[in-house]
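Novice: mind looking at a prediction? Sequence and model below.
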Amino acid sequence: MAPSADDLPGRTPPKEKPRRPGGKRKPGKQPGAPGAHLAWSDDPDQTMPHFPQGTCECGADLAAAADLGVAASHQVIDIPVETAQVIQHDLHEAACTCGRVHRASAPAGTGTPGTVTYGLALQALCAYLIACHAVPVHRCAELIEALTGAKPSPGFVYGMMRRAAAATAPANKAIRALIILAHVISADETPIRVGPGPRTRKKYLLVACTGLLTCYFLGDRPGKTFAAFVFPDCDGVVVVHDRYQN
């Protein structure tokens, strides 16, 4: 039951939780903890000069006044407002003196001539929001529309996960191979629901990592699945785990 239902008729009020005993630790930033502040940049991305406008008390126009240099500066960190742009790539043909006709090559990701596609930056944003921040598909599409004006369909956004998996497959294989070659790794697992179905349909999200590399994968059971997937031959390998060692 929600805490807001504690005062409903027939409900027993919850017991008061004991207050946290007073200690030496004070709320907020602790002594010795690194602080955070907006540091002044010696190399700003853009400099905008501002000059006095209007007229002087004598009646002269300040546009003709002599510039005495910068008297004070202010720095503002902001995000430029970006909207999605429709970029048309026209492929020109050129005729050689021998009579052969050559057509310019299309840039990567432009798709079939006469069709419209989403660019790589928008595709990467979809995969980033879903994979790194667990943003649901429909909310991801709405967020991109609100920020950029583009209107990708939920189906397109969902399909980006498969495209991203295919694009990162070579890197994942290399990471797995390097972890297999490591002498000591750390491993762990946690239950996770995969796909549609009842709540009892679960698998395990397993992880194998070193100080620099991390490999995630799914398994039906921990332990044996981990060893079979990552280390077909575990001889001479030390696995540091919270429950078992191989």
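Specialist: Cool, got the structure. Numbering: from 1, shown residues only.
Novice: for stretch 143-151, C-alpha coordinates in PDB please.
Specialist: This file holds the C-alpha atoms of stretch 143-151, laid out as PDB (Å, rounded to 0.1, in the frame of the first residue of the first chain):
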ATOM      1  CA  LEU A 143      12.200  13.600 -26.300                       C
ATOM      2  CA  ILE A 144      14.000  13.800 -29.700                       C
ATOM      3  CA  GLU A 145      11.000  15.600 -31.200                       C
ATOM      4  CA  ALA A 146      10.900  18.100 -28.300                       C
ATOM      5  CA  LEU A 147      14.600  18.900 -28.600                       C
ATOM      6  CA  THR A 148      15.200  18.800 -32.300                       C
ATOM      7  CA  GLY A 149      11.900  18.900 -34.100                       C
ATOM      8  CA  ALA A 150      12.500  15.600 -35.800                       C
ATOM      9  CA  LYS A 151       9.700  13.000 -35.500                       C
END
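Novice: buried sites along it?
Specialist: Leu143, Ile144, Thr148, Ala150 (16 or more other Cβ atoms under 10 Å). In this view, the C-beta of every residue, glycine as well, is placed from N, C-alpha and C.
Novice: repeat for stretch 133-142
Specialist: Neighbour counts using 16+ other Cβ under 10 Å place Val135, Val137, Cys140, Ala141, Glu142 of stretch 133-142 among the buried residues.
Novice: packing partners for whichever strand or helix holds the fourth one?
Specialist: Counting by DSSP states H and E, the secondary-structure element that holds Ala141 is helix 137-148. Contacts of helix 137-148 with other secondary structure elements, assessed using 3 or more Cβ pairs under 8 Å, 6 or more residues apart in numbering; DSSP states H and E, are made with helix 120-133, helix 154-180.
Novice: can you say which of those helices is packed in most?
Specialist: helix 120-133 (a mean of 16; mean count of other Cβ atoms under 10 Å).
Novice: okay, now the domains of the chain?
Specialist: Listed by automatic domain parsing, the domain ranges of the chain are 118-168, 182-246.
Novice: quick one: contacts for Asn172?
Specialist: By Cβ atoms under 8 Å, 6 or more residues apart in numbering, Asn172 lies in contact with Cys215.
Novice: quick revisit: among the buried residues of stretch 143-151, which pair sits farthest apart?
Specialist: Leu143 and Ala150 (10.8 Å; Cβ to Cβ).
Novice: I'd like the next helix or strand past the top strand by length along the chain.
Specialist: Among the segments of the chain that qualify as a strand by DSSP state E, the longest is strand 184-193. Following strand 184-193 in sequence order, the next helix or strand is strand 202-209 (DSSP H and E).
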